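Engineer: Here is a sequence together with a model predicted from it:
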Amino acid sequence: MAQEDVFKKIVSHCKEYGFVFPSSDIYDGLAAVYDYGQNGVELKNNIKQYWWQSMVLLHSNIVGIDASIFMHPTVWKASGHVDAFNDPLIDNRDSKKRYRADNLIEDQIGKYEEKIAKEVAKAAKKFGDAFDEAKFRETNPRVLENQKKRDDLHARYTEAMQGPDLEALKQIILDEGIVDPISGTTNWTDVRQFNLMFSTEVGASADATNKIYLRPETAQGIFVNFLNVQKTGRMKLPFGICQIGKAFRNEIVARQFVFRMREFEQMEMQFFCQPGTEMTWFDYWKKHRLAWHEALGMGDDNYRFHDHEKLAHYANAATDIEFHMPFGFKEVEGIHSRTNYDLSQHEKYSGRQVKYFDPERNENYTPFVVETSIGVDRMFLSVMCHSYTEEALENGSSRVVLKLPEPLAPVKCAVLPLVNKDGLPEKAQEIVNNLKFHFNTHMEAKDSIGKRYRRQDAIGTPFCVTVDGDTLKDNTVTLRYRDSMKQERVPVEKLREIIEDRVSITSLLKKIDID
Ligand code: GAP
């Protein structure tokens, strides 16, 4: 099945099974804004809990905060967002559609890469075990031609984005003959900058002086609280402050479901360290964050680092952790060495000294910062994409199963009375009442047992417990495993022991405790 079709199926599965709904659905939705349903919110909360605990439980020198969404407007002047948080936009005069110029060019680069990948795959199939990929890439004329086109385009694009040079971006689009996917024409307007921040007014008057912004990142809430936390927590360098919260960006080209939203959620951590130690910490956080992802067991090959070639003017290193989505490797998380830029800017704009007194060196200085920043929604999407599976069964039927990492599953255990009578629902409820204190346990009594198994598979419940007539006699139940569909008879009193460890966030944390 084409990857595009798989993605469409995932989007409709999310709606059908209460994971994600379009916002204001009965009014036909609001573009690039989504609501999480009863199962989606549980999965999202589990992701957040896993991240939060990996920060504050595994690191005694990391604490959390919860800063507000509205901040003093000067914060965004100091951070550079008012002047430079822009996307280069271009319109097609025929379709009247608006695009990000950088995305159009990146897609074109991707097309050359795809052509190369296709040639390589074709040759690999033809030559089998004897295939020498490196040699093929070095010598095949079609690969070499596309590689040159890709590299030349990439070099021009990187240079044009440095300024950014808007005329150069447009020229690239014209030279490459990039057409609007809707109108099919190259009738493009000039490229212009568009600021991504949403603004509103505080108080009764709509005066320009009352203009405030909805935060486009949570990070600034951490920077402006650096002194508060450092002093009240008596924190010593190196230390980190983390936060989970909503962020807002007026994304022009909002696409790919919850991948690019106008209202989304970030999990960010700013790690403050001595100047000169930032690269050590940058490497540490790269390793730690990758281990966090890999502990979920979604395939180590599905992750890769993508180092930024074009660094923001304040950064001295930056990389993305990308995940293999159905629409290619895409950024899920950014790790940035932000130098002392943000704290210095806030010192300049606030007129307050934003420094750290180092008792060992007996001096004041501005700490350097390494940031880890991951989007909750993108993480949610990567988990959904990886877990969604359509399986043909031996009996000729099929099932859709969400093979979610067990600790992230919305419901960990479903207790199902075989029939909705004869004392079985009461026994099932008794089992739920014991297990519910330890993990999310639901009872479901309606429909045939087969249908109930399918429903639980579709929401990713790792364990189903079936209560039948024998349960009343010998206090045993049938335990069914989601992925293997294996069933075994176990005593009721063993259920907690079998399930609890596998579904706990702690089991994940133990895998990433790499210090
Ligand atoms: N404080 C740094 C920062 O905000 P970013 O690369 O702009 O860096 C970090 O964003 C992460 O936030 C991204 O890796 C992505 O997961 C998430 N993110 C950014 N824009 C998003 C959007 N429009 N919709 C969903 N997630 C987004």
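Structural biologist: Received it, and whenever you're ready, just let me know what you need. Numbering: from 1, shown residues only.
Engineer: Going by C-alpha atoms from here, please, whenever you check contacts or count neighbours.
Structural biologist: Fine.
Engineer: how near is Leu43 to Val376?
Structural biologist: Applying C-alpha to C-alpha, to the nearest Å, the value for Leu43 to Val376 is 10 Å.
Engineer: hang on, I meant Pro367
Structural biologist: 27 Å.
Engineer: is the strand or helix carrying Val332 anywhere near the ligand?
Structural biologist: Following DSSP states H and E, the helix or strand that holds Val332 is strand 328-337. Yes. Against the ligand, strand 328-337 shows contacts by C-alpha under 6 Å from any ligand atom at Glu331, Val332, Glu333, Gly334.
Engineer: From these, list the buried ones, please.
Structural biologist: Glu331, Val332, Glu333, Gly334 (16 or more other C-alpha atoms under 10 Å).
Engineer: beta partners for whatever residue of the stretch 351-500 of the chain ends up closest to the ligand?
Structural biologist: Using C-alpha to the nearest ligand atom, the closest approach of the stretch 351-500 of the chain to the ligand is made by Gly375 at 3.3 Å. Taking DSSP bridges, one finds Gln266 as the beta-bridge partners of Gly375.
Engineer: ok, longest helix in this structure?
Structural biologist: helix 101-127 (DSSP state H).
Engineer: a strand runs through Phe272, doesn't it?
Structural biologist: Yes. Per DSSP: H, G, I helix; E, B strand; the rest coil, Phe272 lies within a strand segment.
Engineer: Could you chop this structure up by domain?
Structural biologist: The chain breaks down into these domains under automatic domain parsing: 1-69+222-392, 86-195, 405-509.
Engineer: Now tabulate the ones you listed in TSV and tack on mean pLDDT.
Structural biologist: Output for the domains of the chain, formatted as TSV (pLDDT from 0 to 100):
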stretch	mean pLDDT
domain 1-69+222-392	95
domain 86-195	93
domain 405-509	96
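Engineer: who in the protein is up against the ligand?
Structural biologist: 217, 219, 249, 259-262, 264, 266, 331-334, 373-375, 377-378.
Engineer: ok, 8 Å please
Structural biologist: Contact residues, the chain versus the ligand (C-alpha under 8 Å from any ligand atom): 216-220, 248-251, 254, 258-268, 320-321, 331-334, 336, 371-379.
Engineer: In helices, which of the residues you listed appear?
Structural biologist: Per DSSP H, the residues of the chain next to the ligand map to helices at Ala219, Gln220, Val376, Asp377, Arg378, Met379.
Engineer: Farthest pair within those?
Structural biologist: Within those, Gln220 and Met379 form the most distant pair, 21.7 Å apart (C-alpha to C-alpha).
Engineer: Between the two ends of stretch 216-230, what distance do you get?
Structural biologist: End-to-end distance (C-alpha to C-alpha), stretch 216-230: 24 Å.
Engineer: roughly how far is it from the heart of the chain?
Structural biologist: Centre-to-centre, stretch 216-230 and its host chain are 22 Å apart (C-alpha atoms, centre = their mean, to the nearest Å).
Engineer: Which of the residues in that stretch are classified as buried?
Structural biologist: Under the neighbour-count criterion of 16+ other C-alpha under 10 Å, stretch 216-230 has 216-224, 226-227, 229-230 buried.
Engineer: which residues are in contact with it?
Structural biologist: Around stretch 216-230, the neighbours that count as contacts under C-alpha atoms under 8 Å, 6 or more residues apart in numbering are 65, 67-69, 71, 75, 79, 196-197, 235-236, 241-249, 266-270, 342-343, 346, 354-355.
Engineer: Looking at the residues you listed, which are in helices?
Structural biologist: Val75, Ser79, Asp342, Leu343, His346.
Engineer: List the contacts of the host helix or strand of Ala414.
Structural biologist: Here Ala414 sits within strand 413-417, counting by DSSP H and E. Contact partners of strand 413-417, identified using C-alpha under 8 Å, 6+ apart, comprise 424-425, 427-429, 431-432, 439-445, 449, 452, 456, 461-468.
Engineer: Quick check: PyMOL command selecting the buried ones in those residues.
Structural biologist: The following PyMOL line selects those of the contacts of strand 413-417 that are buried, judged by 16+ other C-alpha under 10 Å:
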select buried, resi 424+425+427+428+429+431+432+439+440+441+442+443+444+445+449+452+456+461+462+463+464+465+466+467+468
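Engineer: The contacts of strand 413-417 in helices, which ones?
Structural biologist: Using DSSP H, those in helices are Leu424, Pro425, Lys427, Ala428, Gln429, Ile431, Val432, Ile449, Arg452, Gln456.
Engineer: For the fifth one, which non-adjacent residue is closest in space?
Structural biologist: Spatial nearest neighbour of Gln429, chain neighbours left out: Met443 (6.8 Å); criterion: C-alpha to C-alpha, 6 or more residues apart in numbering.
Engineer: swap in the first one?
Structural biologist: With C-alpha to C-alpha, 6+ apart as the measure, Pro417 is the residue that lies nearest to Leu424, at 5.3 Å, once sequence neighbours are left out.
Engineer: Neighbours of that neighbour, how many?
Structural biologist: Pro417: 27 surrounding residues under other C-alpha atoms under 10 Å.
Engineer: Tell me the gap between the strand holding Val332 and the middle of its chain.
Structural biologist: In terms of C-alpha atoms, centre = their mean, the centre of strand 328-337 is set 9 Å apart from its chain centre.
Engineer: Could you do stretch 189-204 as well?
Structural biologist: Centroid displacement of stretch 189-204 relative to its chain, using C-alpha atoms, centre = their mean, is 25 Å.
Engineer: what's the answer for stretch 458-470, then?
Structural biologist: With C-alpha atoms, centre = their mean, you get 30 Å for stretch 458-470.
Engineer: which outside residues touch that stretch?
Structural biologist: 17, 39, 400-404, 406, 409-419, 424, 427-428, 453, 456, 476-483, 499.
Engineer: Adding distance to Leu58, write the ones in helices among the residues of the chain next to the ligand out as CSV.
Structural biologist: Converted to CSV, these look like this (distance: C-alpha to C-alpha, whole Å):
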residue, distance to Leu58
Ala219, 21
Gln220, 24
Val376, 20
Asp377, 23
Arg378, 23
Met379, 20
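Engineer: coming back round to it: bridging residues for the residue nearest to Leu424?
Structural biologist: Counting by DSSP bridges, the residues bridging with Pro417 are Val467.
Engineer: Over to Gly240?
Structural biologist: Beta-bridge partners of Gly240, as defined by DSSP bridges: Ile62, Phe271.
Engineer: Count residues in the vicinity of it, would you?
Structural biologist: 27.
Engineer: That one and Tyr50: what is the separation?
Structural biologist: Applying C-alpha to C-alpha to Gly240 and Tyr50 gives a distance of 17 Å.
Engineer: Cross-check the contact I'm expecting between Asn187 and Asp94.
Structural biologist: Yes. Using C-alpha atoms under 8 Å, Asn187 is in contact with Asp94, at 6.7 Å.
Engineer: on that earlier part again, can you redo the buried ones among the residues of strand 328-337 next to the ligand as CSV with distance to Pro141?
Structural biologist: Listed next are those as CSV, based on distance: C-alpha to C-alpha, whole Å:
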residue, distance to Pro141
Glu331, 32
Val332, 35
Glu333, 36
Gly334, 36
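Engineer: Just the closest of these to Leu166, please.
Structural biologist: The nearest one, if we look at these relative to Leu166 and count by C-alpha to C-alpha, is Glu331, at 24.4 Å.
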